[in-house]
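In: Dropping a prediction and its sequence here:
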Amino acid sequence: MEQKLFDRIGGEAFFVELVDHFYDAVAQDPELLRLYPEPNDLSGARWRLSHFLMQYFGGPTTYSDQRGHPRLRLRHAPFPVDEDMRDRWLQAMATAMAQMDLHELDRGQIWGYFIQAADAMRNQPG
């Protein structure tokens, strides 16, 4: 039986570290940071993203247990996400991913999801 990606890459610890690196990068981009309702306290955003990713990649369902169905497009609708913001988000995630020790196939699977998801969150022209 094939091991779930979640378990193969290190479980919760991997996603917490990845998301910490990601939000460290977000904090360095004032344009991207202004999309966050609480830019001085990203702890809630860190929890939500790390637990969503854990669940998406085969880990525990804590995210849905506490927040319901992810409904990503609906939850992101209030925030103006155009091509530039999508690219800024992807750059912050690329910075985070570069700091993680991953097998190339796992890296590709995770990165492929991020590209697809980031593009799906676009809700503004340009």
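Out: Structure received. None of the values given here were measured: they were computed from a predicted structure.

In: Quickly note the distance from Asp82 to Leu53.
Out: 23 Å (CB to CB, to the nearest Å). For the C-beta atoms, the positions are set from N, CA and C on the backbone; glycine is no exception.

In: Please apply the same query to Gln124.
Out: Taking CB to CB, one finds Gln124 at 24 Å from Leu53.

In: what number of residues lie near Asp20?
Out: Using other CB atoms under 10 Å, Asp20 has 15 neighbouring residues.

In: Now that it has come up, it's in contact with Arg46, right?
Out: Yes - at 6.8 Å, Asp20 counts as touching Arg46 under the criterion of CB atoms under 8 Å.

In: can you tell me how far the most centrally placed residue in the chain sits from Glu104?
Out: Geometric centre of the chain, nearest residue: Leu49, 5.1 Å, by CA atoms, centre = their mean. To Glu104, Leu49 is 23 Å away according to CB to CB.

In: of Gln124 and Leu53, who's got more company?
Out: In this view Gln124 and Leu53 are compared by other CB under 10 Å, and Leu53 has more residues nearby, 22 against 12.

In: does the residue nearest to that one when sequence neighbours are not counted count as helix, strand or coil?
Out: In space, and not counting its chain neighbours, Leu53 is closest to Phe15: 4.9 Å by CB to CB, 6 or more residues apart in numbering. At Phe15 the chain is in helix, as set by DSSP: H, G, I helix; E, B strand; the rest coil.
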